[in-house]
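1. Please find the sequence and the predicted model below.
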Amino acid sequence: MFSYGSCPLGPVRLDKPESEVLTTAQFGPHLVSGDDIVFGDDDGVLFVAAERVEEVLAVAHQIWQTEREQARKIQAGETLRRQTAFDDYLTRRATDPSYTFRQHLRQIRGAIEE
């Protein structure tokens, strides 16, 4: 064991681990276990209960398809601003400051995750 003066560095004893050690982890208010599936990329990490993974993957595929279609339209010359009727959103927002872009996308059926 290394020490610095009279203060040891590192553990000085090895206690018996608790029964759930290395089987669960707490992330904020969420408890994650070996029954969960973890997805991660540059944007973050998503923990999914194994029984819902197919549902989540289906939604992810749907979002991917929508984004690919938006990209295709952009390449064909239709801006995302036009695809989302952004000018209409700004007009409504000017008269109703509580109107959100999310609400607008839902109204025009343009929300990618719905």
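-> Sure thing, it's come through. Residues are numbered from 1 along each chain as shown.
2. Now do residue 41 against residue 60, distance only.
-> Going from residue 41 to residue 60 by CB to CB, to the nearest Å gives 11 Å. For glycine as for every other residue, the C-beta is placed from the backbone atoms N, C-alpha and C.
3. ok, these two, which is more surrounded?
-> residue 60 (13 against 7; other CB atoms under 10 Å).
4. The more buried one is in what secondary structure piece?
-> Assigned by DSSP states H and E, residue 60 belongs to helix 53-75.
5. Return the set of buried residues in that helix.
-> For helix 53-75, the neighbour count (16 or more other CB atoms under 10 Å) marks residue 70 as buried.
6. Remind me what it packs against, helices and strands.
-> Applying 3 or more CB pairs under 8 Å, 6 or more residues apart in numbering; DSSP states H and E, one finds that helix 53-75 contacts helix 80-83.
7. Contacts for the following helix or strand past the helix it packs on next, please.
-> Next along the chain after helix 80-83, taking DSSP H and E as the criterion, comes helix 86-95. Applying CB atoms under 8 Å, 6 or more residues apart in numbering, the contact partners of helix 86-95 are 80, 81, 99, 101, 104, 108.
8. how about the nearest residue to residue 74, chain neighbours excluded?
-> Excluding the flanking residues, the one nearest residue 74 by CB to CB, 6 or more residues apart in numbering is residue 80, at 6.2 Å.
9. tell me the contacts of that neighbour?
-> Taking CB under 8 Å, 6+ apart as the criterion, residue 80 is in contact with 70, 74, 86.
10. Could you find the residue nearest the spatial middle of the protein?
-> Residue closest to the average C-alpha location in the chain (CA atoms, centre = their mean): residue 46, at 5.6 Å.
11. Now the two most distant members of the contacts of helix 86-95.
-> Across these, no pair lies farther apart than 80 and 99, at 19.2 Å, counting by CB to CB.
12. how close does residue 53 get to residue 39?
-> Distance, residue 53 to residue 39, using CB to CB: 9 Å.
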